[in-house]
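Participant: Predicted structure and sequence below. I'll ask about it afterward.
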Amino acid sequence: MCLLQSAAFADRLIEIPIGRKIYIGTTKIGDQWNLRKAGDHKFSLRAPVLESYEIELEGIKRPGRDFRGTLGASYQLAVPIVDSVPGISIGVRDVANETPEGSAAYLTSTWLIGLNGDTVADTPANLTLGLGTGGLRGLFAGFMLPLAPQVRLIGEHDTHRLSMGFELRPVRDLQLQWVFRESETRLAAYWTLRF
């Protein structure tokens, strides 16, 4: 059970969707900033609906443009079980086609791979593979590898660009990401609220 809970609070790696949803009784809010372009950021709010559905509201601000909003939704077909069953989700993101990544429909699967060792035994590695349309046209892939209980190496290819970075979890419900994507450096912070 500890392995499932430690990997539970995200429906995205960096930008690609993953095969697990946010749990009932929680909501995840976050913001992502482009350090090389002042005024370029993206706000998100993700919440579960019933047992298998999830919705996401996004607000996007780009230099020289007004603040815009969009939404996405996903349905979890299978819940991931460490070393046994991948999590599988289908969904749509950015239905208003406002993000730079673009509107997309997708099918994605995430495998949780249990690790041995004293420092990361409670945190499984993640491997995600998916297939999408539109802004995710083709095959996308990503991974998360825990380096220590609060430090993870993350990377993905969203069919257009390669992104690599680190995720820090200084406290239980806070995720901080430092990501490099082509000529961009991005910082993100996500907070999981529990009800």
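Facilitator: All right, it came through fine.
Participant: got the contact list for the nearest residue to residue 150 once chain neighbours are set aside?
Facilitator: Among residues not flanking residue 150 along the chain, residue 169 sits closest, at 4.8 Å (CB to CB, 6 or more residues apart in numbering). C-betas here are computed from N, CA, C, even on glycine. Contacts for residue 169 (CB atoms under 8 Å, 6 or more residues apart in numbering) come out as 149-152, 175-176.
Participant: From residue 57, how far out is residue 169?
Facilitator: Look at residue 169 and residue 57: by CB to CB, to the nearest Å, they are 23 Å apart.
Participant: Same check on residue 151?
Facilitator: Residue 151 is 29 Å from residue 57, by CB to CB.
Participant: could you pull out the helices for the chain?
Facilitator: With helices called from DSSP state H, the chain shows them at 2-6.
Participant: which sections of it are below the confidence cut-off?
Facilitator: Where the chain drops to pLDDT under 70, the residues are 1-10.
Participant: can you give me phi and psi for the residue lying farthest from the centre of the chain?
Facilitator: Note on the chain: the largest C-alpha distance from the chain mean falls to residue 64, namely 26.9 Å (CA atoms, centre = their mean). The phi and psi values for residue 64, taken as degrees, to the nearest 10, are phi 80, psi 0.
Participant: cool, and residue 23?
Facilitator: Per degrees, to the nearest 10, the backbone of residue 23 is at phi -70, psi 150.
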